[in-house]
Each structure stands twice: as structure tokens, then as C-alpha cells.
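Chemist: Build me a model from this:
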Amino acid sequence: MHFKQPEILYFLFLLIVPILVHLFQLRRFKKEYFTNVRFLKALSIQTRKSSKIKKWLLLACRLLLLTCIILAFAQPFFESKDNKNASNEMYIILDNSFSMQAKGKKGELLKRAVQELLEETPENANFSLLTNTDNYWNTDIKTIRSELQNLKYSAIPFQLDNIIAKVKAHKSVFKKDIVIITDAVGLTPNQLKNMDTDNIPYFIIPKAEQKNNVAIDSVFIRQTLDDFYELGIITSNYSTDFKPVSMALYNQNKLIAKTIINFKNKKETINFTIPKQAFHGYVSIEDNDLGYDNKLFFSISKTKKTNIISIGAPEKNNFLGRIYTNDEFNYSSFTLSTLDYNSIDMQDAIVLNELDEIPQALQTTLKSFVNKGGNLIVIPSETAPISNLNALMNLFGSTQFKLLESNEKLITKINFSHPLFAGVFENKTNNFQYPKTKKEYTISSTSPAVLSFEDQSPFLIGLRNSVSSVYVFSAPLNTLNSNFQQSPLIVPVFYKMALNKLNNGINANTIGNNSSYLVPVLLSKDEILTVKNPEEQFIPVQQLLNNKVQLFFNDYPEKAGNYTIYDSKKPIENISFNYARTESDLDQVNESILSDYKTSDSIATIFDTLQTSRSDNQIWKWFIIFALLFLALEMAIIKFVK
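Modeler: Predicted coordinates for the structure are as follows:
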């Protein structure tokens, strides 16, 4: 037992007072003799005994009464089991990602969690609340009541490790109690690795009653015809019951097509054919489960011709003219001596076709060209010095040319997952007529191969950055060295390599993926671009690149939809944003990773547990009660004991 005011115990010396009073009252009786004591003897003995008992009882009551009063003022208590953590600070992490739209026993998981916080959090409790998007430090439930009631779903997926890092960065001399309210969709062991023993986490895992969901994943141009685009819409069904789902396609909020999806597999691709013109709309489905992934916004810009030049011998450039036709490309061919360096910045792509020497001035110009969003295609010459080729490659990464080998090799492997082949092949093809080369360089590179030889060495490598790509062949493509010009692969490969991010067809950005976007516009240093729609407006981070502007959106916009890029009040280009589909599958819950952590079914249970385990057992009230009982007992003894 411990005392909050132990100095009060010195007053126990006052117990000597009733003892002295008692001793004074217990002085000896003086004998008085009477003439006849035969009738008084028995009565005299009885009175003396009862008087002694009464006084001893009164002494005991008064001593106990005074002792209880003194002990009560000293405030005795029994120390709690978890007393060392009684001063811990409380941090509540609330997952407001889209998966919390799922419905549990009492409604949507997020709304129910908010309601429980409002009802069960003690009004005098001080805590910090962190969500996917907002932080409220050192607050209480009264202060943030309105913010909780108006809490919206976040486009930013729940990343527990990032939020824990914020909690750790909030310096304090006290330990931290961390209450994490999440449905655990997408929660991985890596997100838990930064949890340390100093901070005590408690998990509340609300569970969805129904985990069925249908989502629109992506859209792509399946085929480009003379007057039409054939769109492919990829959908996913995360349920065991494949019910038909209605799908509609809108352009400028005007319905242009509608169909029914009859799922036979978990993934289905639905086709729509639309006119070959600018598109600014969305595709939607009717689904009663998660709502955030029921729409996919996308834009198709008005067809623009791609500016491309090739630098090399005219006879070696002839095959490029047959690929880059006038209906889609502004193509020109130059020799190194006739090249106008000033025209390079106006191009979208450049082909270096078997140059025997790449001058230093051209290397420097090409480095700037790639950094500003242009694509570069390098076809080596068998007579070019390796040191000269590597000097160019050093400008763009770690790719290096090694020895020139005279071994005939077949090109047998296609990297179908490479972005260069997105939307090119309907099915994986492994039995095509393999092209071959007679002489080829060995290449070392950390970048993935787009095409590979039969011995797994690279034939074509793609070096990508945020705004452009550099494609490098390992062998000359002239007809004396290779039959690649006669291969069916040459048209899609060179066609796609020439297209930069301005001309890749579908525009459907994902909020929060931190990728950049190029806008073909010439601005002065004081001008800025603005992105807006009727509901939201923001100014992205932007960088001028000659006749282009590179935009960085980071976590903007907050809401998915169709937007327009403006130069002042002049519309420049349409752009679309969508929420990431990372939480569409509600079965992405692995509760076993939380087996080493404390879990609870409600916030009220956690507060009660902490209160019980960390509150000292105050017993001074019992001593007050005992003091009153002894006072009552003393009064009874005085009144009823003779």
C-alpha cells in the first residue's frame, strides 16, 4: 500500500491522547464502608466490571476512528499493474481509405468507426488523431467533433508505415499508445516492421459482411482503324457469384454506348467502338458494393502528328519511311553532314541509324533532347568505335557495349509486360517466325530487355525516365546483317518507340502515383498552367522544357474526374484522373500478421482496459466509511452499554 500524503501519518502520534484520557478515567475506586453491605456487594462488583468493559470499548473505537481519519487524509492506494505506462500519450490512427466503404453489421465501416469514436471517447481524454490525409495533434473529442463528422474517404491508400513514421517524428518524452482502426485490406508485414516495443499498438479491425465487388481496372485502345478506335475495358469481379453487371460509356456526360457484362472469369475485357476523334468522358458500371471503383475517367486527345527524324545513310533509312507514314508522322531523313541541330528540339523522336561516329556536340544535344521529353532510338554500326558508343550510353545510364561477335543468333523472346508492347498483342505469341542477326554486340545493362536472343542476351533494351525513353539495339539492322526489317515485329516496335507520352492514346492518370505529364505548349517564365474542372482547381508543380511543360501532380487532385489544363483562361488539353484500384479486393486481409499485437473489438473496450490497468486503486474512501462506522459504534456504546 502507498500513500499520496505520507507526511499526514505523523499525526498518528495523536493516538496517545485518547489513551491518556482513558488512563485518567481508569483511576482506582475509593472504598466506602456502610453498615450493611450484604445487599450491595453483588451490585458493586457488577457495576465495576461493566464500567471497565465500556471504557475499553470506547477507547478502541476512538483509537480506530482517529486512525481511519488520519489514514484517509494520507490518501492510501494500491499501485496499478501497468502504472509505468500511466503517462503514455494516446494516438488514434483512423483508416479512411475507400475499402472502408464496405458495409459491416452496423453500416459502412468508416462511418461506424467515426460514430463509435464520438460516442465512446471520454471527453477529458487528450489524444492525437491521424488519418490517411489529415493530422490533428494534441486534441480532444469536443474539438474535432465536426471534422470527424465531415470526414471524407481518401484517394490515398492506407499506408500504416508512413503514418507510424509521422507518429515517431512527433517528439515526446512520454511513451505512446497507438490505436489503429483499419479493415486491414492490403496491410502487409513490411508496414508493421517499424513498430517498436516502446510504442504499444492496439488494433481494431472492423469486418465487412459482404466482400463482393466489381471494379473497372483500366482502359486501352485495342485497335486503331481509319475512322474508329476500338476500346478495351478491363473489369474485375471479386466475388463467387458472377452476376451480370450493366456498363455504360459517356463522352462529355452524354451516353454513347451501353452493354451488359456476363462474367465467366474473374477478369473480363469489354469492347466499345467510338469515332476516331477527341474523347473526354468515362465508363461506369452499376455495382452495389464499393462505389469508388465503379467509374474510370479517361481522355483521348485529338490526333497529332509525331515529329521524327532519322540520322544516317539514306539507303539504310529507307525502311523507316515505310513505317513512319505521312498520315501519322512528320518524318525526315538526314545524313550527319546535312543535319540542322536547331531542328532537334522540335522533334518527338530521333533515330540514330548506324552512325560510324557520333560527334561530341551531337551527344550533348541528344542528352538535352531526351531530358526534355524526346525519345531516342540507337541502332549501332558494326564499324563504330565501342568507346564512342559507350560515351553516348554513359549519358543515359549504366548500359555498355562490349565485344562485337560474329555469331548468328535468333531473336526468340518478347517481353510482353514491357510498356512498349502495351495493347499491341491480344495474346502471347511464341511461335512467330524468328528474325536473326549475323553480327551483334554483347551489352551489359540493368534495364529490362524488350526483345532477347535465344541465349537470353538482349537484342533491344529500353531505358526509361519520367518523360522519355532511350531504346538501344545490340545489332545493326541493315539487310546484310539482319532480316529484322522483314519481321512482323518491326512495325509495332518502331511505331511504339516513336510515340512519346504525349501521343500514347489513352490518358487515364492515377491519383498519387507521382508520375509526370508532358504538355506541348510554349510558355514564358512568368506563365503557369492550371488544372481544373467545375468542382476542383489546383496548380501542379511544373518545369519548362523548351516547347513543352512537364507537370508533377503528386497527390492532386483529391477527387477523380475529367479535368482541363488551362494556360490562363485558354484551354490547352484535357486530362483525366482516377483513384488507384489497390483496395478493390476486400479479401486482401491477412489477420495472421496481427497475431503478435493486441486487438480489440471497440474503442470503448480499449479505453476501459487502459483505465482499469493503469488507474491506482484508491482506498481512502473506505477509511472514511470505517471512521463513520466507528463513530456510530462509539455513540451506540455510550447510549446502550451500562
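Chemist: Could you say which helix or strand holds Gly232?
Modeler: strand 228-237 (DSSP states H and E).
Chemist: Buried residues, the next helix or strand after that strand. List them.
Modeler: Note on strand 228-237: by DSSP H and E, the next helix or strand toward the C-terminus is strand 245-251. Residues of strand 245-251 classed as buried: 245, 247-251 (neighbour count, 16 or more other Cβ atoms under 10 Å). C-beta: built from backbone N, CA, C; applies to glycine.
Chemist: what sits against the closest residue to Val549 other than its chain neighbours?
Modeler: With sequence-adjacent residues excluded and distances taken as Cβ to Cβ, 6 or more residues apart in numbering, Val549 is closest to Val519, at 4.7 Å. Val519 sits next to 502, 529, 548-551, 565, 572-573 when contact means Cβ atoms under 8 Å, 6 or more residues apart in numbering.
Chemist: Equivalent analysis for Tyr91, please.
Modeler: Taking Cβ under 8 Å, 6+ apart, one finds 127-130, 167, 176-179 in contact with Tyr91.
Chemist: List the pairing partners of the host helix or strand of it within its sheet, with orientation.
Modeler: Here Tyr91 sits within strand 89-94, counting by DSSP H and E. Partners of strand 89-94 in the sheet, by DSSP bridges, are strand 127-130 (parallel), strand 176-181 (parallel).
Chemist: centre of the chain versus it, how much separation?
Modeler: 18 Å (Cα atoms, centre = their mean, to the nearest Å).
Chemist: can you dump the C-alpha coordinates of it into PDB?
Modeler: Taking Å, rounded to 0.1, in the frame of the first residue of the first chain, the C-alpha atoms of strand 89-94 are listed here in PDB:
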ATOM      1  CA  GLU A  89       0.200   9.700 -24.900                       C
ATOM      2  CA  MET A  90      -2.700   8.400 -27.000                       C
ATOM      3  CA  TYR A  91      -2.500   8.400 -30.800                       C
ATOM      4  CA  ILE A  92      -5.500   7.200 -32.800                       C
ATOM      5  CA  ILE A  93      -4.900   6.200 -36.500                       C
ATOM      6  CA  LEU A  94      -8.100   6.000 -38.500                       C
END
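Chemist: what's the average pLDDT for the next helix or strand after that strand?
Modeler: Moving toward the C-terminus from strand 89-94, the next helix or strand (DSSP H and E) is strand 103-104. The average pLDDT within strand 103-104 is 86.
Chemist: What of stretch 607-623?
Modeler: Averaging pLDDT along stretch 607-623 yields 68.
Chemist: Now the terminal residues of that stretch, how far apart.
Modeler: 29 Å (Cα to Cα, to the nearest Å).
Chemist: List phi and psi for Leu376.
Modeler: phi -120, psi 130 (degrees, to the nearest 10).
Chemist: any idea what sits nearest it, other than its immediate chain neighbours?
Modeler: Val470 (4.7 Å).
Chemist: strands paired with the host helix or strand of the one you found, and their directions?
Modeler: Using DSSP H and E, the element containing Val470 is strand 469-473. Sheet pairing here is set by DSSP bridges, and for strand 469-473 it gives strand 375-379 (parallel), strand 458-464 (antiparallel).
Chemist: which stretches of the stretch 251-400 of the chain form strands?
Modeler: Secondary structure of the stretch 251-400 of the chain (DSSP state E, counting those that start in this stretch): strands located at 254-261, 267-275, 279-285, 295-300, 306-312, 329-334, 349-353, 375-379, 400-405.
Chemist: Revised request: answer the last question for the stretch 451-600 of the chain.
Modeler: Assigned by DSSP E, counting those that start in this stretch, the strands in the stretch 451-600 of the chain fall at 458-464, 469-473, 506-507, 509-510, 516-519, 529-532, 537-538, 541-545, 548-552, 561-567, 570-578, 598-600.
Chemist: Show me the one of these that comes nearest Thr338.
Modeler: Taking Cβ to Cβ, strand 469-473 is the member of the strands of the stretch 451-600 of the chain nearest to Thr338, at 23.4 Å.
Chemist: where in the stretch 351-500 of the chain is pLDDT low?
Modeler: The model of the stretch 351-500 of the chain has pLDDT under 70 over residues 422-432, 500.
Chemist: in the stretch 51-200 of the chain, which spans are helices?
Modeler: Counting by DSSP state H, counting those that start in this stretch, one finds helices in the stretch 51-200 of the chain at the ranges 109-120, 145-149, 160-169, 189-192.
Chemist: Quick check: the residue nearest to Ile575 when sequence neighbours are not counted vs Phe473, distance?
Modeler: In space, Ile575 comes closest to Tyr563 once its chain neighbours are excluded; the distance is 5.2 Å by Cβ to Cβ, 6+ apart. The spacing between Tyr563 and Phe473, counted by Cβ to Cβ, to the nearest Å, is 39 Å.
Chemist: just Ile260 next, same as before
Modeler: The gap separating Ile260 from Phe473 is 46 Å, by Cβ to Cβ.
Chemist: do Arg62 as well
Modeler: Arg62 is 108 Å from Phe473, by Cβ to Cβ.
Chemist: now do Met90
Modeler: Taking Cβ to Cβ, one finds Met90 at 61 Å from Phe473.
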